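Trainee: pasting the structure only:
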């Protein structure tokens, strides 16, 4: 410390770390060894006789520190005087420091020594911290001078204080605006802050002195030699390496760490505790982490006399609770009966001919059973499970759409059908040399769009579920009557949907249940748009019971492939006993379709009952509104940054001991002040 003060010309980073760490400590403890002492003033070059020589003799790094530190010396002296006057400081020897303050100094120095910053960044970070401390003193409430008689004491010059406050305010705001976000790798809900070594190492290697030339790094990378994470950052910033190349050059976890550093991500997206071998080259590219979604479970849901528990991943409060109520009513009613009546995934290539006549020739050729058999053989040669069921040929001028419909086992089957279509179209190209392939998908499939052809002919799994509720169950569980629910269903689901022109929308909210189960089980979430098309019926039987049915003709699901291979999603499928391939191909997908239809029925009846009872708003106000103060009031937003700093750090300023007598404050008042 003393060497730093006496020999500023030899100051290096470590010396400055020690100097500012201890100087801050001495300010907070009231120790006069540094602040306001000649050694400190000489270090800052304050003495008039030595100011110019002191500044010029110091290296540029130290001169920059000197320039910004000098204006704050009055603030430091005032803060020292404030602390020194406290009883707590008087009771402690100036050279004795409590263990708590020692630990604080050690932590500060440890932080500064380990900070992975450039020279300018280091100065800026330390400056911001020091200003943060000093600003607390100047943000105390101003005191009104009082006329008194007694010992004289120098009063504070309000004009000079105001100017210093303005200067400090500008510095604080500038630093807050320019402060770089320091991304942390592996933060999982702010619980994994220690998992940042890979990112820090990359930054340190990138900025390390004596680093290799860019040409050397590029040469090693292109020849397959090992490069460091920091060197990869240099290649990425120069556009030499692509983000998609990281997994090939590094392991999955390290590649994700580098990518997060490149994007300057904060700690909001979790990364740790995830097996990315299931994701890379299978489910996602340019991976930087994952998004946790809450998962609830409803049940037991009695489907075809078998109780099952159904996972639902959703952020909509009240959805799981409402579906749970429907499951309870279904269980009391003896269960839901669910049936898959058709299945078949589709893909529809589109081709063109020079004239419409040749397009018609292709359709007639496909109508011949022998020719269809050849195409079927080509299609099924690409997979052990694919079974072509039919090909629907549509002519539109010189264009021909061929809609292939195939059984795909326990897979959702889009890739399987696309592969089979590609082989079949290559064969047809040999039979029809003038045919031109325009697209493997001509949107006549139809995939990920609500379409009448899917609503009428079906796609994927076509399933229907039904359940009969007695009058007693409806009154006990839903607090209404079968007639009231049936009447509301007719008005809302049939008349209202038809007036709105809904395609496959004659239901209450099947998309809620379908999307929640899709996300939980690793299905293609984009296919909710067509998979949720549902026709819900609610009628009163001759016995006065409530008959409820849901019909879903295009439920596009699978239990193998895609997101179902991810461990959490596979666990959700195991919960329903339909994970992976079944002994009999297609049985697990069939079971999942029946469960989804039964769960949709539970959600439909519960929501309709809530609408009849006018409970929809009250239930959502209770279960779908966070009690946390996530969006502060406008007046809180407009509070100054300086005042927020004061509140946050107020406890750090030593307070007067209440047991000690209050010292009388004497102010010197000039005549001009009295007038």
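Mentor: Looks like it arrived, so ask away. Computed from a predicted model, the values in this text were never measured in an experiment. Numbering: from 1, shown residues only.
Trainee: show me where pLDDT drops low in the chain?
Mentor: Flagging of the chain using pLDDT under 70 yields the residue ranges 1-211, 616-675.
Trainee: what comes up buried for stretch 307-319?
Mentor: Buried positions in stretch 307-319, judged by neighbour count with 16 or more other C-beta atoms under 10 Å: 308, 310-314, 316-319. For glycine as for every other residue, the C-beta is placed from the backbone atoms N, C-alpha and C.
Trainee: tell me how this protein divides into domains.
Mentor: 2-178, 197-278, 297-343+451-623, 349-439 (automatic domain parsing).
Trainee: look at residue 543 and say how many residues are nearby.
Mentor: Applying other C-beta atoms under 10 Å, we find 10 residues neighbouring residue 543.
Trainee: same check on the one 3 residues further on?
Mentor: Other residues lying near residue 546 total 29 when counted by other C-beta under 10 Å.
Trainee: that one contacts residue 486, correct?
Mentor: Yes: using C-beta atoms under 8 Å, residue 546 makes contact with residue 486 at a distance of 6.5 Å.
Trainee: for this structure, which helix is longest?
Mentor: Scanning the chain for the helix with the most residues, using DSSP state H, yields helix 587-612.
Trainee: so what sits against both of residue 546 and residue 486?
Mentor: Common contacts of residue 546 and residue 486 (C-beta atoms under 8 Å, 6 or more residues apart in numbering): 538-540.
Trainee: quick one, what contacts residue 356?
Mentor: With C-beta under 8 Å, 6+ apart, residue 356 has these contacts: 395, 397-398.
Trainee: which one of the shared contacts of residue 546 and residue 486 sits closest to residue 235?
Mentor: Residue 235 has its nearest neighbour among the shared contacts of residue 546 and residue 486 in residue 538, at 62.6 Å by C-beta to C-beta.
Trainee: quick check: that closest one is in a strand.
Mentor: Yes: Residue 538: assigned to a strand according to DSSP: H, G, I helix; E, B strand; the rest coil.
Trainee: that one: neighbour count?
Mentor: The tally of other residues near residue 538 (other C-beta under 10 Å) stands at 24.
Trainee: contacting residues for it?
Mentor: 485-486, 489-490, 493, 546-548, 604-605, 608.
Trainee: look up how far residue 523 lies from it.
Mentor: 27 Å (C-beta to C-beta, to the nearest Å).
Trainee: one more: residue 297?
Mentor: Separation of residue 297 from residue 523 (C-beta to C-beta) stands at 17 Å.
Trainee: swap in residue 270?
Mentor: Taking C-beta to C-beta, one finds residue 270 at 22 Å from residue 523.
Trainee: between the two, tell me which one has more neighbours.
Mentor: residue 523 (27 against 18).
Trainee: excluding its backbone neighbours, what's nearest that one?
Mentor: The shortest distance from residue 523 to any non-neighbouring residue, by C-beta to C-beta, 6 or more residues apart in numbering, is to residue 557 (5.5 Å).
Trainee: re the thing from before, for the buried residues of stretch 307-319, give me JSON lines that also has distance to residue 284 and secondary structure.
Mentor: Output for the buried residues of stretch 307-319, formatted as JSON lines (distance: C-beta to C-beta, whole Å; DSSP: H, G, I helix; E, B strand; the rest coil):
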{"residue": "308", "distance to residue 284": "29", "secondary structure": "strand"}
{"residue": "310", "distance to residue 284": "26", "secondary structure": "strand"}
{"residue": "311", "distance to residue 284": "21", "secondary structure": "strand"}
{"residue": "312", "distance to residue 284": "23", "secondary structure": "strand"}
{"residue": "313", "distance to residue 284": "17", "secondary structure": "strand"}
{"residue": "314", "distance to residue 284": "21", "secondary structure": "coil"}
{"residue": "316", "distance to residue 284": "24", "secondary structure": "coil"}
{"residue": "317", "distance to residue 284": "28", "secondary structure": "coil"}
{"residue": "318", "distance to residue 284": "31", "secondary structure": "coil"}
{"residue": "319", "distance to residue 284": "26", "secondary structure": "helix"}
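Trainee: looking at the residues you listed, spot the one nearest residue 411.
Mentor: So of the buried residues of stretch 307-319, ranked by how close each gets to residue 411 (C-beta to C-beta), first place is residue 311, at 20.4 Å.
Trainee: coming back round to it: report the two of the buried residues of stretch 307-319 separated the most.
Mentor: Spatial extent of the buried residues of stretch 307-319 (C-beta to C-beta) is set by the pair 308 and 317 at 23.5 Å.
Trainee: neighbours of the residue nearest to residue 335 when sequence neighbours are not counted, just the number please.
Mentor: The shortest distance from residue 335 to any non-neighbouring residue, by C-beta to C-beta, 6+ apart, is to residue 302 (3.3 Å). Using other C-beta under 10 Å, residue 302 has 20 neighbouring residues.
Trainee: list the contacts of residue 302.
Mentor: By C-beta under 8 Å, 6+ apart, the contact list for residue 302 reads 330-331, 334-336.
Trainee: what about residue 355, how many residues nearby?
Mentor: 12.
Trainee: can you check the one 3 residues further on too?
Mentor: For residue 358, the tally of surrounding residues (other C-beta under 10 Å) stands at 15.
Trainee: do I have it right that it meets residue 432?
Mentor: Yes: here residue 358 lies in contact with residue 432, judged by C-beta under 8 Å, at a distance of 7.4 Å.
Trainee: what ranges do the strands span in the stretch 501-650 of the chain?
Mentor: 535-540, 546-555 (DSSP state E, counting those that start in this stretch).
Trainee: find the one among those strands with the highest mean neighbour count.
Mentor: Highest mean neighbour count among the strands of the stretch 501-650 of the chain (mean count of other C-beta atoms under 10 Å): strand 546-555, with a mean of 25.
Trainee: tell me the bridge partners for the spatially closest residue to residue 469 that is not a sequence neighbour.
Mentor: Nearest non-adjacent residue to residue 469, counting by C-beta to C-beta, 6+ apart: residue 546, 4.4 Å away. Under DSSP bridges, the beta-bridge partners of residue 546 are residue 469, residue 540.
Trainee: could you measure residue 586 against residue 446, distance?
Mentor: Relative to residue 446, and taking C-beta to C-beta, residue 586 is found at 22 Å.
Trainee: can you check residue 391 too?
Mentor: 16 Å.
Trainee: how about residue 499?
Mentor: For residue 499, the distance to residue 446 - C-beta to C-beta - is 24 Å.
Trainee: next: residue 562.
Mentor: Taken as C-beta to C-beta, the span from residue 562 to residue 446 is 19 Å.
Trainee: ok, residue 550 next?
Mentor: Distance of residue 550 to residue 446, given as C-beta to C-beta: 21 Å.
Trainee: kindly report the same for residue 591.
Mentor: Applying C-beta to C-beta to residue 591 and residue 446 gives a distance of 26 Å.
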